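S.K.: Need coordinates for the following:
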Amino acid sequence: MFDGGKAATDRRRYLEKVIKRDPTDVFSNEDNHYLHRTERHVRAVAKHVRLVEICRKLGIGSECGGELTESEDWLPLLDAVADDLPTALHWVMFLPNIKSLCDDEQQAKWLPLCRDWKVIGCYAQTELGHGSNVRALETTATFVPESKGGQKGGSFIIHSPSMTAAKFWPGTLGRTANHAIVIARLIDGEGVDRGIHNFIVPLRSMEDHSLLPGVKTGDIGPKIGYNNMDNGFAYFDKVEIPRRNMAMRFAEVDEHGKYSKKHVSDAASKVAYITMMQVRAMIVMGSSKALSMGTTINIRYSAVRKQGYNEDGKTEVQVLDYKQQQHRIFPLLAASYCFFFSGRKLWDNLKKIEDKLISQKPVTKAQVADIHATSSALKSFNTMVAADGIEECRKACGGHGFLASSGLPELMCSYLQSPTVEGDNHMLPQQVIKVLLKLVQAVQSGEGVDAYTTCDSYSLVPSLKALLGGQREKCLAVNKTDMKDLPTLLLAFRHRAAMLLVKVAKQLNDDVMNGKSMQEAWNYALVAMAKASKAYSLFLLLRNFMEAILEEQRSQLLGRAEVSVLGDLARLFALYWMESDLGDFIHDGYLTAKQASWVAPNVLESLDAIRPNAVALADARDLSDFRLKSALGRYDGNVYPHILKAAYKDPLNSVDPGPAYDPELKRLITGGVGVYNGTASRL
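M.R.: Okay, here's the model as predicted:
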């Protein structure tokens, strides 16, 4: 199910064996915790080079003209390597920008160089002084005609006018990339600032990797995690590039410096937008993978670890049998499954829109805006839950979870970038609500609602109509069992999302009517927007989970027992988050006090339902020991010998006495440094 069929599973397992059994041993991760950051970076680059070498040898990528990163094998191979590669921004950001924003002639020049790994690129947007506020970026790209000293056909001068204009944070930029897509303010031949545009800027020689004149780059230094990656800084001191290094699919500057927008089809601009949105979809899918690794480690270890005694006073209790442990971990297990289905649906929907656009079938602005809202909401919510959830898995492993050999500290610290990249999680809700407020307006006016019929947000329309029409929606559960019914729970989440959205709309309207400017009113509504975006995310996640279970059942890929246990996970997911946010559901009387009292007992019953299958549900992700890199999460349960093995491997234990004995401890213990000889002079 996770791979998309038996053939895909067989292929993934084959690729994992290729990596694990590679005779060079470069892919081994056993010594990762004992290597200096520089050594890890160098080794990670070596892994990438060997991976490319293996792919060429096996013909991987031949089915797509040699472009490895477009092969269906590429992502499984990256998972199999089980280490962060410093080259990642080349295919995650650089290539999508070339394909989306460069014209056909430019693509014909750059894509073959990227395919052959002659050009390794990154995406340089964030600056030392500005990040999400793209319009405030300071880096400039000033046009210089040939007649005034520019190159043949004209040039752009890329310049960092201040210290805060230095590019800062882009991955792959520091030591690996030889080119960058630089986001800069375009100053045309008339001296007019045309705003933010993209430019392909060579950073390093393609012959010896030395920095080119006027370019200064380096690594930004150690981070809390993700340290294989050379997140970098770049300062440009009047760096000259050819005019045609400006991405010119949608706008251009001619040889005389005249700026013009190109008359491209509406479909072309939407394809570019959708292509860039796929990066966010990858992050949503990645939240499921990362969280599943954390829950797999914890659940396997919790089944092995014992704490306390049963009533007989002799047999110890598995940690996994304690309700508190289940309440901490099982909802995260459910979320990892839930995130998988929503990530898959988001990716498929983006691909469907892209295919429609390429085949010149109609795609409306409402559809593009809606999937932008969906991707923004899910990215914000999923990555926050995954980041917090991995840390909860670590803490729920007790003291051993603090060991690097548990695999959890590195998993957590490397994943912590995800809530920030591609849109900070506390800023994205604004984009979500901006789209959804248009739906509220359409429902309120009765005009334009039909434009949303194929959109995710259309599912909110029944509740929006009721709320805006003055009707009161109420939960129809009449007993505790009814409150476990998935359709009943879904209606509750739909109502909550619509209610909070209407609340935002009303707050904005009231504040403006009472004299606040729109900007001030928007600022005051940000907290309410975050709550509404979260509620919308949870509604989508539960709906997608339920729909996916039905689809899997119809496809007969899963049997009745598997479908039943997925239903248990969906039920726990819904009930857990309802309990967490119970105030939202009773705030306007949707749930009565009696109905609300059934939620917590149903959560506990859901934990009971999942416990017999918990280890199997973790194992179903088919995460090998090679990928997990965890002494605690071993498939065979042989935890304690591997904790000790990892301890013995530490270089600190390589000599005896320890490396600090001579001369330091020796001076203290035998040299008399610490001997008390009576009162000494204070002078």
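S.K.: Can you list the strands that the host helix or strand of residue 184 pairs with?
M.R.: Using DSSP states H and E, the element containing residue 184 is strand 179-187. Next to strand 179-187 in the sheet, as set by DSSP bridges, lie strand 121-124 (parallel), strand 140-144 (parallel), strand 193-202 (antiparallel).
S.K.: Nearest to residue 162, out of these?
M.R.: strand 140-144 (10.5 Å; CB to CB). All C-beta spots, glycine's among them, are computed from the backbone N, C-alpha and C.
S.K.: gap between the next helix or strand after the closest one and the chain center?
M.R.: The helix or strand immediately downstream of strand 140-144 is strand 155-159, counting by DSSP H and E. Computed by CA atoms, centre = their mean, to the nearest Å, the chain-centroid distance of strand 155-159 equals 33 Å.
S.K.: Strand 155-159: which residues count as buried?
M.R.: Buried residues in strand 155-159, counted by 16 or more other CB atoms under 10 Å: 155, 156, 157, 158, 159.
S.K.: From the residues you listed, pick the one nearest residue 450.
M.R.: Using CB to CB, those come closest to residue 450 at residue 156, 45.6 Å.
S.K.: pretty sure the closest one contacts residue 236?
M.R.: No: applying CB atoms under 8 Å as the test, residue 156 and residue 236 come out as separate, 10.8 Å apart.
S.K.: Rebuild the buried residues of strand 155-159 as a markdown table, extending it with pLDDT and distance to residue 92.
M.R.: A markdown table is the format used below for the buried residues of strand 155-159 (pLDDT from 0 to 100; distance: CB to CB, whole Å):
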| residue | pLDDT | distance to residue 92 |
| --- | --- | --- |
| 155 | 97 | 29 |
| 156 | 98 | 25 |
| 157 | 98 | 28 |
| 158 | 98 | 23 |
| 159 | 98 | 27 |
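S.K.: Now those in JSON lines, please, with extra columns for distance to residue 388.
M.R.: Output for these, formatted as JSON lines (distance: CB to CB, whole Å):
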{"residue": "155", "distance to residue 388": "48"}
{"residue": "156", "distance to residue 388": "44"}
{"residue": "157", "distance to residue 388": "45"}
{"residue": "158", "distance to residue 388": "40"}
{"residue": "159", "distance to residue 388": "41"}
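S.K.: Among these, which one lies nearest to residue 219?
M.R.: Closest to residue 219, out of all of the buried residues of strand 155-159 and judged by CB to CB, is residue 158, at 20.6 Å.
S.K.: top helix in the protein by residue count?
M.R.: Assignment by DSSP state H gives helix 266-304 as the longest helix of the chain.
S.K.: What are the buried residues along that one?
M.R.: Neighbour-count burial for helix 266-304, counted by 16+ other CB under 10 Å, picks out 267, 269-304.
S.K.: cool, stretch 24-39 as well?
M.R.: If you call a residue buried by 16+ other CB under 10 Å, then stretch 24-39 has these buried ones: 26, 27, 29, 32, 33.
S.K.: related to what we said a few turns ago, hey, which of the strands paired with strand 179-187 is tucked in deepest?
M.R.: Ranked by mean neighbour count, the strands paired with strand 179-187 are led by strand 121-124 with a mean of 29 (mean count of other CB atoms under 10 Å).
S.K.: Could you dump the strands paired with strand 179-187 into TSV with mean pLDDT added?
M.R.: Converted to TSV, the strands paired with strand 179-187 look like this (pLDDT from 0 to 100):
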stretch	mean pLDDT
strand 121-124	96
strand 140-144	98
strand 193-202	96
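S.K.: Kindly present those strands as JSON lines, with separate columns for distance to residue 99.
M.R.: Listed next are the strands paired with strand 179-187 as JSON lines, based on distance: least, CB to CB, whole Å:
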{"stretch": "strand 121-124", "distance to residue 99": "12"}
{"stretch": "strand 140-144", "distance to residue 99": "21"}
{"stretch": "strand 193-202", "distance to residue 99": "12"}
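S.K.: out of the ones you listed, which comes closest to residue 573?
M.R.: For residue 573, the closest of these is strand 121-124, at 34.3 Å, according to CB to CB.
S.K.: hmm, who's touching that closest one?
M.R.: By CB atoms under 8 Å, 6 or more residues apart in numbering, the surrounding residues in contact with strand 121-124 are 89-90, 93-95, 97-98, 114, 167, 170-173, 176-183, 200-201, 232, 234.
S.K.: Apply 7 Å and report the result again.
M.R.: Contact with strand 121-124 is made by 89-90, 93-94, 97, 114, 167, 170-173, 177, 179-183, 234, as judged by CB atoms under 7 Å, 6 or more residues apart in numbering.
S.K.: same question, stretch 305-313
M.R.: Residues contacting stretch 305-313 (CB under 7 Å, 6+ apart): 315, 316, 317, 318, 319.
S.K.: picking that back up, return the subset of the contacts of strand 121-124 lying in helices.
M.R.: Short answer: the contacts of strand 121-124 in helices (DSSP H) are 89, 97, 114.
S.K.: Flag the least confident of those.
M.R.: The lowest pLDDT within those belongs to residue 97, with 92.
S.K.: Quick one: neighbours of the residue lying closest to that residue once chain neighbours are set aside, just the number.
M.R.: In this structure, residue 97 finds its nearest non-sequential neighbour in residue 181, 4.7 Å apart by CB to CB, 6 or more residues apart in numbering. Look at residue 181: counted by other CB atoms under 10 Å, it has 25 neighbours.
S.K.: residues touching the closest residue to residue 280 other than its chain neighbours, list them.
M.R.: Spatially, and ignoring its direct neighbours in sequence, residue 280 is nearest to residue 375 (4.5 Å; CB to CB, 6+ apart). By CB under 7 Å, 6+ apart, the residues touching residue 375 are 277, 280, 281, 284, 346.
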